[in-house]
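**Student:** task: produce atomic coordinates for the following.
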Amino acid sequence: MAWRNVISCGSFGSLFQGREGEAQLGCRHTIRSHGATVARSHRHDWLILLLLVALEVILNVIHPFYRFVGTDMMTDLKYPMKDNTVPIWAVPVYAVLLPIVIFLVIYFRRRDVYDLHHSILGLLFSVLITGVITDAIKDATGRPRPDFFWRCFPDGIDDFDKWGNVRCHGQASVIREGHKSFPSGHTSWSFAGLGFLSLYLAGKIKAFDRRGHVAKLCIVFLPLLVASLVAVSRVDDYWHHWQDVFTGGLIGLVVATFCYLQFFPPPYHIEGWGSYAYFRALEESSPTNPSPAPPNSGLNMQSMEVQVVNRQSLLHENASKNQDPNFYSVDLEQGRN
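**Tutor:** Residues are numbered from 1 along each chain as shown. Below you'll find the model as predicted:
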């Protein structure tokens, strides 16, 4: 394909250092030149994104299922209440804003609006789909948090009905939050955003180019390490059980992978440094790609018909020569003379 000739545009050296040759090679598709076209072609995706935001808000407003919590179950639910090591406002900062900043840095170096648009769109879809899945399971499951006892009985005096179920007398909002343990939202969002960033960086630096540069994996694993530490903090703060963070991390990483592969080739692919749309644009703008004839062009049509007739005549003449048994003998006799 024609875009294979510009594979050097995705090299590790050009990731943070622009090169003059990229403009001639067709690597510079900017927001000004192609931004409106790209946005219009994905307007339905942005609309679905807004619907996901609305659905996420609804899932956070409604009450979760209040699961039965008996006396025997309280043994594992009496951990102390602690503040979040990672506050909830910090999750969008490192899982969404930080990757977008990295996307912008790469855009200003490489001027590829397809890469910028699709990376941001894929990232937002990753975290929002993960958020919807996580909160839907939270509300449907209603698993108590490890510190549920102190949420339900802040004074330490327990109370149960005749069925053995708890009769909480704590603050309503605190009790409601205490039924949202499974899965971990901090963990799922962290792996959705930072997992997407890890895949993105792996493609950009060609981490799997079979040249044995193991140091590149440090860049790839760094976002995943941060997400893992956030997951561990949720268990240390007694806001989640270990099953909650394990499931949340799995959900976030799987969704991030699916969303990434919608816009980019796998990181181990030879063209994994760019987006599908970028390569498609290069093919369409390549001089070796024949452009269709303009409409109502009688002269071009006549020229094409003449070429077809001449080609058919030549093929017919060659076929008749091959079928004539005396053809080769005549050529041999002429050669002797």
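
**Student:** count of residues packed around V53?
**Tutor:** Residues lying near V53 (other CB atoms under 10 Å) number 13. (Each C-beta comes from the backbone N, C-alpha and C, glycine too.)

**Student:** any idea how far it lies from H118?
**Tutor:** Per CB to CB, to the nearest Å, V53 is found 19 Å from H118.

**Student:** ok, now which ones touch I129?
**Tutor:** Applying CB atoms under 8 Å, 6 or more residues apart in numbering to I129 gives the contacts L52, A192, V255, C259.

**Student:** let me see the domain layout of this protein.
**Tutor:** Listed by automatic domain parsing, the domain ranges of the chain are 26-285, 302-336.

**Student:** before we move on, the earlier item: who wins on neighbours among the contacts of I129?
**Tutor:** Tallying neighbours with other CB under 10 Å puts A192 at the head of these, with 33 neighbours.

**Student:** picking that back up, got a markdown table for the contacts of I129, with secondary structure and distance to Y268 too?
**Tutor:** Shown next, in a markdown table, are the contacts of I129 (DSSP: H, G, I helix; E, B strand; the rest coil; distance: CB to CB, whole Å):
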| residue | secondary structure | distance to Y268 |
| --- | --- | --- |
| L52 | helix | 29 |
| A192 | helix | 21 |
| V255 | helix | 20 |
| C259 | helix | 18 |
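
**Student:** tabulate the CA atom coordinates of stretch 224-241 in CSV.
**Tutor:** Taking C-alpha atoms only, stretch 224-241 is exported to CSV below (Å, rounded to 0.1, in the frame of the first residue of the first chain):
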residue,chain,number,x,y,z
LEU,A,224,-0.8,0.2,34.7
LEU,A,225,1.3,0.4,37.9
VAL,A,226,-0.5,3.6,38.9
ALA,A,227,-3.9,2.0,38.3
SER,A,228,-2.8,-1.0,40.4
LEU,A,229,-1.7,1.2,43.3
VAL,A,230,-5.1,2.9,43.2
ALA,A,231,-6.7,-0.5,43.4
VAL,A,232,-4.6,-1.5,46.4
SER,A,233,-5.5,1.7,48.2
ARG,A,234,-9.1,0.9,48.0
VAL,A,235,-8.5,-2.3,50.0
ASP,A,236,-6.2,-0.6,52.4
ASP,A,237,-8.9,2.1,53.1
TYR,A,238,-11.4,-0.7,53.8
TRP,A,239,-13.8,0.7,51.1
HIS,A,240,-13.7,-2.5,49.1
HIS,A,241,-13.0,-6.2,49.3
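
**Student:** ok, which stretches of the stretch 51-200 of the chain are helices?
**Tutor:** Under the criterion DSSP state H, counting those that start in this stretch, the stretch 51-200 of the chain contains helices at 90-92, 98-110, 113-141, 148-152, 172-178, 185-204.

**Student:** quick check: which of these is buried the most?
**Tutor:** Highest mean neighbour count of those: helix 185-204, a mean of 28 (counted as mean count of other CB atoms under 10 Å).

**Student:** so that one versus helix 98-110, what angle?
**Tutor:** Counting by axes from the mean of the first three to the mean of the last three CA atoms, to 10 degrees, helix 185-204 points 20 degrees away from the direction of helix 98-110.

**Student:** next, the buried residues of the next helix or strand after helix 185-204.
**Tutor:** Sequence-wise, the next helix or strand downstream of helix 185-204 (DSSP states H and E) is helix 216-236. Neighbour counts over helix 216-236 (16 or more other CB atoms under 10 Å) mark K216, V220, P223, L224, V226, A227, S228, V230, A231, S233, R234, V235 as buried.
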